[in-house]
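Participant: The sequence isn't on hand, but the structure is:
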(Lines give C-alpha, C1' and ligand atoms only; values in the text may rest on other atoms or scores of the structure.)
Protein backbone atom coordinates (compact mmCIF):
# COMPACT_ATOMS: atom_id res chain seq x y z
CA UNK A 1 0.00 0.00 0.00
CA UNK A 2 2.82 2.40 0.82
CA UNK A 3 4.28 1.91 -2.70
CA UNK A 4 0.94 2.81 -4.29
CA UNK A 5 0.63 5.86 -2.03
CA UNK A 6 4.20 6.96 -2.77
CA UNK A 7 3.61 6.67 -6.51
CA UNK A 8 0.36 8.65 -6.24
CA UNK A 9 2.22 11.45 -4.40
CA UNK A 10 4.99 11.52 -7.03
CA UNK A 11 2.51 11.55 -9.90
CA UNK A 12 0.62 14.46 -8.37
CA UNK A 13 3.84 16.43 -7.89
CA UNK A 14 5.01 15.56 -11.40
CA UNK A 15 1.77 16.90 -12.88
CA UNK A 16 2.20 20.14 -10.96
CA UNK A 17 5.85 20.40 -11.97
CA UNK A 18 5.05 19.75 -15.65
CA UNK A 19 2.50 22.56 -15.57
CA UNK A 20 5.01 24.95 -14.00
CA UNK A 21 7.74 23.96 -16.47
CA UNK A 22 5.38 24.67 -19.38
CA UNK A 23 4.70 28.28 -18.39
CA UNK A 24 5.65 30.83 -21.08
CA UNK A 25 7.99 32.54 -18.58
CA UNK A 26 10.36 29.56 -18.81
CA UNK A 27 10.93 30.20 -22.53
CA UNK A 28 11.44 33.91 -21.81
CA UNK A 29 14.07 33.06 -19.21
CA UNK A 30 15.85 30.71 -21.60
CA UNK A 31 16.12 33.51 -24.14
CA UNK A 32 17.46 35.90 -21.49
CA UNK A 33 20.11 33.50 -20.20
CA UNK A 34 21.08 32.46 -23.72
CA UNK A 35 21.77 36.09 -24.69
CA UNK A 36 23.27 37.00 -21.34
CA UNK A 37 25.77 34.13 -21.30
CA UNK A 38 26.75 35.05 -24.86
CA UNK A 39 27.66 38.54 -23.59
CA UNK A 40 24.55 40.18 -24.96
CA UNK A 41 22.80 43.00 -23.15
CA UNK A 42 19.84 42.00 -20.97
CA UNK A 43 18.55 43.18 -17.64
CA UNK A 44 20.69 41.82 -14.77
CA UNK A 45 19.51 38.27 -14.14
CA UNK A 46 18.81 36.90 -10.66
CA UNK A 47 19.37 33.39 -9.32
CA UNK A 48 18.30 32.50 -5.78
CA UNK A 49 20.14 29.43 -4.41
CA UNK A 50 18.47 28.88 -1.05
CA UNK A 51 18.31 25.09 -0.67
CA UNK A 52 20.46 24.99 2.47
CA UNK A 53 17.49 26.59 4.23
CA UNK A 54 14.91 24.33 2.56
CA UNK A 55 14.12 22.53 5.83
CA UNK A 56 12.71 25.82 7.20
CA UNK A 57 9.96 25.93 4.56
CA UNK A 58 6.64 24.21 5.42
CA UNK A 59 6.66 22.80 1.88
CA UNK A 60 9.74 20.70 2.74
CA UNK A 61 7.70 18.14 4.68
CA UNK A 62 7.95 14.81 2.84
CA UNK A 63 5.18 12.24 2.70
CA UNK A 64 6.70 9.32 0.79
CA UNK A 65 8.11 6.39 2.75
CA UNK A 66 10.45 4.71 0.27
CA UNK A 67 13.87 6.46 0.12
CA UNK A 68 13.85 6.19 -3.68
CA UNK A 69 10.61 8.15 -3.91
CA UNK A 70 11.55 10.53 -1.09
CA UNK A 71 14.55 11.65 -3.16
CA UNK A 72 12.35 12.54 -6.11
CA UNK A 73 9.63 13.99 -3.90
CA UNK A 74 12.13 16.29 -2.25
CA UNK A 75 13.43 17.55 -5.60
CA UNK A 76 9.96 18.12 -7.03
CA UNK A 77 8.83 20.03 -3.94
CA UNK A 78 11.99 22.15 -4.02
CA UNK A 79 11.44 23.05 -7.66
CA UNK A 80 7.78 23.89 -7.13
CA UNK A 81 8.79 26.22 -4.30
CA UNK A 82 11.56 27.71 -6.45
CA UNK A 83 8.95 28.59 -9.04
CA UNK A 84 7.19 30.81 -6.50
CA UNK A 85 10.26 32.91 -5.68
CA UNK A 86 10.18 35.03 -8.83
CA UNK A 87 13.86 34.84 -9.79
CA UNK A 88 15.16 33.83 -13.23
CA UNK A 89 15.55 30.13 -12.48
CA UNK A 90 14.38 27.81 -15.27
CA UNK A 91 12.29 24.72 -14.60
CA UNK A 92 13.24 22.17 -17.24
CA UNK A 93 10.44 19.91 -18.52
CA UNK A 94 11.97 16.59 -17.53
CA UNK A 95 13.05 14.62 -14.48
CA UNK A 96 16.47 13.02 -14.13
CA UNK A 97 17.50 9.69 -12.65
CA UNK A 98 21.21 9.27 -11.88
CA UNK A 99 22.60 5.99 -13.13
CA UNK A 100 24.20 3.48 -10.77
CA UNK A 101 27.87 4.38 -11.04
CA UNK A 102 30.40 1.80 -9.87
CA UNK A 103 33.06 3.55 -7.77
CA UNK A 104 35.63 2.34 -5.22
CA UNK A 105 33.87 1.55 -1.93
CA UNK A 106 36.39 3.54 0.13
CA UNK A 107 35.95 6.70 -1.94
CA UNK A 108 36.42 8.01 -5.47
CA UNK A 109 40.20 7.92 -5.14
CA UNK A 110 40.29 4.58 -3.35
CA UNK A 111 40.84 5.95 0.16
CA UNK A 112 38.40 6.95 2.86
CA UNK A 113 38.08 10.56 3.95
CA UNK A 114 36.99 10.43 7.59
CA UNK A 115 35.49 13.14 9.76
CA UNK A 116 36.73 13.86 13.28
CA UNK A 117 34.28 15.30 15.81
CA UNK A 118 35.01 18.71 17.22
CA UNK A 119 36.61 18.81 20.69
CA UNK A 120 34.23 21.68 21.52
CA UNK A 121 30.51 21.26 22.20
CA UNK A 122 28.61 22.39 19.15
CA UNK A 123 31.78 22.81 17.13
CA UNK A 124 32.16 21.71 13.55
CA UNK A 125 33.66 18.41 12.53
CA UNK A 126 37.09 18.24 10.89
CA UNK A 127 38.45 16.23 8.00
CA UNK A 128 40.80 13.36 8.77
CA UNK A 129 42.78 13.27 5.49
CA UNK A 130 44.01 9.84 4.37
CA UNK A 131 47.25 11.02 2.73
CA UNK A 132 49.21 11.69 5.89
CA UNK A 133 52.64 10.66 4.57
CA UNK A 134 54.16 11.21 1.13
CA UNK A 135 54.26 7.45 0.53
CA UNK A 136 50.47 7.32 1.00
CA UNK A 137 50.22 8.58 -2.57
CA UNK A 138 50.59 4.93 -3.58
CA UNK A 139 47.26 4.15 -1.90
CA UNK A 140 45.29 6.05 -4.53
CA UNK A 141 43.52 4.18 -7.32
CA UNK A 142 43.16 5.27 -10.92
CA UNK A 143 39.57 6.41 -11.68
CA UNK A 144 37.44 4.32 -14.01
CA UNK A 145 34.04 5.23 -15.42
CA UNK A 146 31.75 2.22 -14.94
CA UNK A 147 27.94 1.93 -14.87
CA UNK A 148 25.94 -0.89 -13.31
CA UNK A 149 23.49 -1.25 -16.17
CA UNK A 150 21.17 -3.70 -14.42
CA UNK A 151 20.65 -1.48 -11.40
CA UNK A 152 20.29 1.52 -13.70
CA UNK A 153 17.55 -0.21 -15.69
CA UNK A 154 15.68 -0.92 -12.47
CA UNK A 155 15.92 2.68 -11.22
CA UNK A 156 15.06 4.28 -14.54
CA UNK A 157 12.27 1.79 -15.22
CA UNK A 158 10.72 2.39 -11.84
CA UNK A 159 10.63 6.15 -12.37
CA UNK A 160 9.53 5.89 -15.98
CA UNK A 161 6.67 3.53 -15.12
CA UNK A 162 5.41 6.08 -12.59
CA UNK A 163 5.81 9.45 -14.32
CA UNK A 164 6.94 8.67 -17.88
CA UNK A 165 3.52 9.63 -19.22
CA UNK A 166 3.85 13.03 -17.48
CA UNK A 167 7.53 13.95 -17.86
CA UNK A 168 10.44 12.59 -19.91
CA UNK A 169 12.78 10.59 -17.67
CA UNK A 170 16.44 11.37 -18.35
CA UNK A 171 19.30 9.05 -17.50
CA UNK A 172 22.10 11.12 -16.02
CA UNK A 173 25.09 9.01 -17.08
CA UNK A 174 27.93 11.49 -16.58
CA UNK A 175 30.98 10.28 -14.64
CA UNK A 176 31.41 10.69 -10.90
CA UNK A 177 34.54 12.76 -11.58
CA UNK A 178 32.83 15.98 -12.61
CA UNK A 179 32.10 19.40 -11.05
CA UNK A 180 33.53 19.28 -7.49
CA UNK A 181 35.29 15.98 -8.15
CA UNK A 182 36.80 17.35 -11.37
CA UNK A 183 38.18 20.72 -10.25
CA UNK A 184 40.97 18.85 -8.36
CA UNK A 185 41.08 21.55 -5.68
CA UNK A 186 38.15 20.20 -3.66
CA UNK A 187 39.33 16.59 -3.51
CA UNK A 188 42.94 17.67 -2.93
CA UNK A 189 41.98 19.32 0.36
CA UNK A 190 39.95 16.27 1.37
CA UNK A 191 42.79 13.87 0.58
CA UNK A 192 45.69 15.79 2.07
CA UNK A 193 44.18 18.42 4.38
CA UNK A 194 44.09 22.08 3.41
CA UNK A 195 46.70 23.26 5.91
CA UNK A 196 49.08 20.49 4.88
CA UNK A 197 48.62 21.38 1.22
CA UNK A 198 49.81 24.89 2.07
CA UNK A 199 52.91 23.47 3.71
CA UNK A 200 53.48 21.11 0.78
CA UNK A 201 53.63 24.04 -1.64
CA UNK A 202 56.70 25.25 0.23
CA UNK A 203 58.24 22.15 1.81
CA UNK A 204 57.47 19.40 -0.68
CA UNK A 205 56.48 20.95 -4.01
CA UNK A 206 57.72 18.13 -6.24
CA UNK A 207 55.65 15.58 -4.33
CA UNK A 208 52.60 17.86 -4.54
CA UNK A 209 53.09 18.17 -8.30
CA UNK A 210 53.12 14.35 -8.53
CA UNK A 211 49.83 14.17 -6.65
CA UNK A 212 48.24 16.88 -8.80
CA UNK A 213 49.43 15.22 -12.00
CA UNK A 214 47.93 11.92 -10.84
CA UNK A 215 44.59 13.58 -10.11
CA UNK A 216 44.57 15.47 -13.42
CA UNK A 217 45.26 12.26 -15.34
CA UNK A 218 42.57 10.44 -13.38
CA UNK A 219 39.88 13.03 -14.09
CA UNK A 220 40.80 13.15 -17.77
CA UNK A 221 40.71 9.35 -17.97
CA UNK A 222 37.28 9.01 -16.35
CA UNK A 223 35.77 11.84 -18.35
CA UNK A 224 37.28 10.51 -21.57
CA UNK A 225 35.93 7.03 -20.88
CA UNK A 226 32.48 8.50 -20.30
CA UNK A 227 32.67 10.37 -23.60
CA UNK A 228 33.83 7.24 -25.46
CA UNK A 229 30.92 5.33 -23.93
CA UNK A 230 28.44 8.02 -25.03
CA UNK A 231 27.58 8.91 -21.44
CA UNK A 232 27.73 12.71 -21.64
CA UNK A 233 24.32 14.14 -22.47
CA UNK A 234 22.82 17.62 -22.83
CA UNK A 235 21.39 17.31 -19.32
CA UNK A 236 24.98 17.52 -18.03
CA UNK A 237 25.63 21.24 -18.56
CA UNK A 238 26.94 22.91 -15.40
CA UNK A 239 27.86 26.56 -14.87
CA UNK A 240 26.42 27.49 -11.43
CA UNK A 241 23.66 29.42 -13.18
CA UNK A 242 21.31 28.63 -16.03
CA UNK A 243 23.55 26.86 -18.57
CA UNK A 244 22.40 28.42 -21.80
CA UNK A 245 24.47 30.14 -24.49
CA UNK A 246 24.08 30.84 -28.18
CA UNK A 247 27.34 28.98 -28.86
CA UNK A 248 26.18 25.69 -27.31
CA UNK A 249 23.15 23.42 -27.70
CA UNK A 250 20.50 24.01 -25.06
CA UNK A 251 20.02 21.68 -22.09
CA UNK A 252 17.77 18.88 -23.26
CA UNK A 253 16.30 15.52 -22.23
CA UNK A 254 17.71 13.99 -25.42
CA UNK A 255 19.35 10.59 -24.88
CA UNK A 256 21.82 11.27 -27.71
CA UNK A 257 25.47 11.34 -26.62
CA UNK A 258 27.40 14.60 -26.94
CA UNK A 259 31.08 15.46 -26.62
CA UNK A 260 32.22 17.64 -23.77
CA UNK A 261 32.80 20.49 -26.23
CA UNK A 262 29.00 20.76 -26.47
CA UNK A 263 28.68 21.35 -22.73
CA UNK A 264 29.27 24.00 -20.09
CA UNK A 265 31.85 23.03 -17.49
CA UNK A 266 32.08 24.47 -13.99
CA UNK A 267 35.40 24.69 -12.13
CA UNK A 268 36.63 26.44 -9.02
CA UNK A 269 39.57 26.52 -6.63
CA UNK A 270 38.12 27.70 -3.34
CA UNK A 271 40.98 26.08 -1.45
CA UNK A 272 43.44 28.38 -3.26
CA UNK A 273 41.79 31.55 -1.94
CA UNK A 274 44.67 32.41 0.38
CA UNK A 275 47.58 31.75 -1.98
CA UNK A 276 49.15 34.15 -4.47
CA UNK A 277 48.19 34.20 -8.14
CA UNK A 278 51.55 32.63 -8.98
CA UNK A 279 51.07 29.73 -6.57
CA UNK A 280 47.43 29.32 -7.65
CA UNK A 281 48.62 29.03 -11.21
CA UNK A 282 51.49 26.66 -10.43
CA UNK A 283 49.69 24.34 -8.04
CA UNK A 284 46.18 24.35 -9.47
CA UNK A 285 45.32 26.20 -12.67
CA UNK A 286 47.94 24.45 -14.80
CA UNK A 287 46.40 21.11 -13.80
CA UNK A 288 42.84 22.28 -14.34
CA UNK A 289 43.46 23.73 -17.81
CA UNK A 290 43.79 20.36 -19.64
CA UNK A 291 40.45 19.30 -18.13
CA UNK A 292 38.67 22.57 -18.83
CA UNK A 293 39.78 22.77 -22.45
CA UNK A 294 37.55 19.81 -23.38
CA UNK A 295 34.37 21.74 -22.53
CA UNK A 296 32.65 24.19 -24.81
CA UNK A 297 32.42 27.02 -22.28
CA UNK A 298 33.65 27.31 -18.71
CA UNK A 299 32.42 29.06 -15.58
CA UNK A 300 35.20 29.60 -13.03
CA UNK A 301 35.06 30.41 -9.34
CA UNK A 302 32.75 29.84 -6.44
CA UNK A 303 33.53 31.31 -3.00
CA UNK A 304 37.17 32.26 -3.62
CA UNK A 305 38.11 35.92 -4.06
CA UNK A 306 39.53 36.31 -7.58
CA UNK A 307 40.15 40.08 -7.37
CA UNK A 308 43.91 39.67 -7.77
CA UNK A 309 43.60 36.71 -10.16
CA UNK A 310 41.52 37.98 -13.07
CA UNK A 311 44.58 38.15 -15.33
CA UNK A 312 45.47 34.59 -14.30
CA UNK A 313 42.07 33.10 -15.14
CA UNK A 314 42.13 34.84 -18.51
CA UNK A 315 44.43 31.98 -19.53
CA UNK A 316 41.36 29.74 -19.70
CA UNK A 317 40.67 29.81 -23.46
CA UNK A 318 36.97 28.94 -23.20
CA UNK A 319 36.22 31.01 -20.08
CA UNK A 320 32.87 32.77 -20.13
CA UNK A 321 31.72 33.37 -16.52
CA UNK A 322 33.71 34.58 -13.48
CA UNK A 323 32.40 34.45 -9.91
CA UNK A 324 32.65 37.66 -7.88
CA UNK A 325 32.33 36.65 -4.23
CA UNK A 326 31.20 38.67 -1.19
CA UNK A 327 34.89 39.20 -0.33
CA UNK A 328 35.91 40.48 -3.74
CA UNK A 329 36.53 44.11 -4.60
CA UNK A 330 33.60 44.62 -6.96
CA UNK A 331 34.93 47.79 -8.56
CA UNK A 332 38.42 46.37 -9.22
CA UNK A 333 36.96 43.15 -10.63
CA UNK A 334 34.65 45.16 -12.88
CA UNK A 335 37.59 47.17 -14.19
CA UNK A 336 39.56 44.01 -14.98
CA UNK A 337 36.66 42.04 -16.49
CA UNK A 338 34.82 44.72 -18.45
CA UNK A 339 32.56 43.10 -21.00
CA UNK A 340 34.93 40.22 -21.79
CA UNK A 341 33.17 37.80 -19.45
CA UNK A 342 29.95 37.48 -17.48
CA UNK A 343 30.36 39.23 -14.13
CA UNK A 344 28.56 36.84 -11.74
CA UNK A 345 28.22 38.76 -8.48
CA UNK A 346 27.40 36.87 -5.27
CA UNK A 347 26.43 39.15 -2.38
CA UNK A 348 26.89 37.97 1.19
CA UNK A 349 23.88 35.91 2.32
CA UNK A 350 24.50 37.11 5.88
CA UNK A 351 24.12 40.72 4.77
CA UNK A 352 21.17 39.95 2.52
CA UNK A 353 18.91 37.68 4.53
CA UNK A 354 20.45 35.20 6.97
CA UNK A 355 21.09 37.41 9.99
CA UNK A 356 18.06 39.62 9.51
CA UNK A 357 16.17 41.02 6.57
CA UNK A 358 16.81 44.75 6.38
CA UNK A 359 15.23 45.98 3.14
CA UNK A 360 17.11 49.26 3.06
CA UNK A 361 20.43 47.53 3.64
CA UNK A 362 19.67 45.19 0.73
CA UNK A 363 18.86 48.15 -1.52
CA UNK A 364 22.02 49.98 -0.50
CA UNK A 365 24.40 47.03 -0.98
CA UNK A 366 22.90 45.99 -4.31
CA UNK A 367 22.85 49.57 -5.58
CA UNK A 368 26.52 50.05 -4.64
CA UNK A 369 27.50 46.85 -6.44
CA UNK A 370 25.52 47.77 -9.53
CA UNK A 371 27.16 51.20 -9.66
CA UNK A 372 30.60 49.64 -9.25
CA UNK A 373 29.96 47.12 -12.05
CA UNK A 374 28.15 49.51 -14.37
CA UNK A 375 28.86 48.53 -17.97
CA UNK A 376 29.59 44.86 -17.15
CA UNK A 377 27.45 41.87 -18.15
CA UNK A 378 26.08 41.27 -14.64
CA UNK A 379 24.00 38.61 -12.99
CA UNK A 380 23.35 38.15 -9.27
CA UNK A 381 23.38 34.85 -7.41
CA UNK A 382 22.37 34.71 -3.77
CA UNK A 383 23.91 31.45 -2.62
CA UNK A 384 24.78 29.63 0.63
CA UNK A 385 21.58 30.81 2.28
CA UNK A 386 21.94 28.71 5.43
CA UNK A 387 18.88 30.12 7.15
CA UNK A 388 15.92 32.36 6.45
CA UNK A 389 15.05 32.45 10.17
CA UNK A 390 11.92 30.43 9.35
CA UNK A 391 10.63 33.21 7.10
CA UNK A 392 10.87 31.69 3.60
CA UNK A 393 8.58 34.44 2.32
CA UNK A 394 11.59 36.77 2.66
CA UNK A 395 13.13 35.02 -0.36
CA UNK A 396 10.37 36.38 -2.58
CA UNK A 397 10.64 39.84 -1.08
CA UNK A 398 14.42 39.83 -1.58
CA UNK A 399 13.99 39.02 -5.27
CA UNK A 400 11.38 41.76 -5.62
CA UNK A 401 13.67 44.37 -4.04
CA UNK A 402 16.73 43.34 -6.03
CA UNK A 403 14.79 43.33 -9.28
CA UNK A 404 13.48 46.81 -8.50
CA UNK A 405 17.07 48.02 -8.07
CA UNK A 406 18.69 46.13 -10.95
CA UNK A 407 16.05 46.87 -13.55
CA UNK A 408 17.30 50.44 -13.52
CA UNK A 409 20.57 49.09 -14.97
CA UNK A 410 19.00 47.09 -17.79
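Facilitator: Thanks, I have it. All of these numbers come straight from a predicted model, not from anything done at the bench.

Participant: any idea which element residue 332 lies in?
Facilitator: Secondary structure from DSSP states H and E places residue 332 in helix 330-337.

Participant: which residues touch that helix?
Facilitator: By C-beta atoms under 8 Å, 6 or more residues apart in numbering, the surrounding residues in contact with helix 330-337 are 306-307, 310-311, 322, 324, 343, 345, 368-369, 372-376. Just so you know, the C-beta spots here come from the backbone N, C-alpha and C atoms, and that holds for glycine as well.

Participant: ditto for stretch 213-231
Facilitator: Outside of stretch 213-231, the residues within contact range by C-beta under 8 Å, 6+ apart are 99, 109, 137, 140, 142-145, 147, 173-178, 181-182, 184, 187-188, 232, 257, 259-260, 287-288, 290-291, 294.

Participant: Please spell out the ChimeraX selection for the buried subset of those residues.
Facilitator: Those of the contacts of stretch 213-231 that count as buried under 16 or more other C-beta atoms under 10 Å are selected in ChimeraX with:
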select :99,109,140,143,145,147,173,174,175,176,177,178,181,182,184,187,188,232,257,260,287,288,291,294
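
Participant: Mind checking the pLDDT average for the helix holding residue 332?
Facilitator: Helix 330-337 shows a mean pLDDT of 98.

Participant: Please apply the same query to stretch 355-374.
Facilitator: Mean pLDDT, stretch 355-374: 97.

Participant: One more: stretch 190-210?
Facilitator: On average, stretch 190-210 scores 97.

Participant: So which bits of stretch 390-405 are buried?
Facilitator: Applying a neighbour-count criterion of 16+ other C-beta under 10 Å, one finds 392, 394, 395, 397, 398, 399, 401, 402, 403, 405 buried in stretch 390-405.

Participant: OK, contacts around the fourth one?
Facilitator: To tie it back to what came earlier, the one meant is residue 397. 357, 359.

Participant: Quick check: it vs residue 388, distance?
Facilitator: Taking C-beta to C-beta, to the nearest Å as the measure, residue 397 falls 11 Å from residue 388.

Participant: and the buried residues of stretch 390-405, which of them are in helices?
Facilitator: Among the buried residues of stretch 390-405, the ones falling in helices (DSSP state H) are 394, 395, 397, 398, 399, 401, 402, 403, 405.

Participant: coming back round to it: only the buried members of the contacts of helix 330-337: can you turn that into a ChimeraX selection?
Facilitator: To isolate the buried subset of these in ChimeraX, counting by 16+ other C-beta under 10 Å, use the following:
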select :306,307,310,322,324,343,345,369,372,373,376
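
Participant: Look at the residue nearest to the spatial centre of the chain and give its secondary structure.
Facilitator: The residue lying closest to the centre of the chain (C-alpha atoms, centre = their mean) is residue 240, at 4.5 Å. Three-state call for residue 240 (DSSP: H, G, I helix; E, B strand; the rest coil): coil.

Participant: Could you do residue 280 as well?
Facilitator: helix.

Participant: From residue 188, how far out is it?
Facilitator: To residue 188, residue 280 is 13 Å away according to C-beta to C-beta.

Participant: residue ranges of the helices in this protein, please?
Facilitator: 2-21, 24-36, 67-82, 149-163, 185-192, 194-203, 205-228, 277-280, 286-292, 310-313, 330-337, 349, 359-372, 393-406.

Participant: closest to residue 123 out of those?
Facilitator: Closest approach to residue 123 among the helices of the chain (C-beta to C-beta): helix 194-203, 16.9 Å.

Participant: Give me the residues contacting that closest one.
Facilitator: 129, 188, 189, 192, 207, 208, 271, 274, 275, 279, 283.

Participant: what distance separates that helix from the centre of its chain?
Facilitator: Mean-position distance between helix 194-203 and its chain equals 27 Å (C-alpha atoms, centre = their mean, to the nearest Å).

Participant: How about stretch 32-48?
Facilitator: The answer for stretch 32-48 is 18 Å, by C-alpha atoms, centre = their mean.

Participant: How about residues contacting it?
Facilitator: 82, 85, 87-90, 239, 241-247, 250, 297, 320-321, 339-342, 370, 377-382, 385, 395, 398-399, 402-403, 406-407, 409-410.

Participant: Would you indicate which residues of that stretch are buried?
Facilitator: Within stretch 32-48, the residues scored as buried using 16+ other C-beta under 10 Å are 32-38, 42-48.
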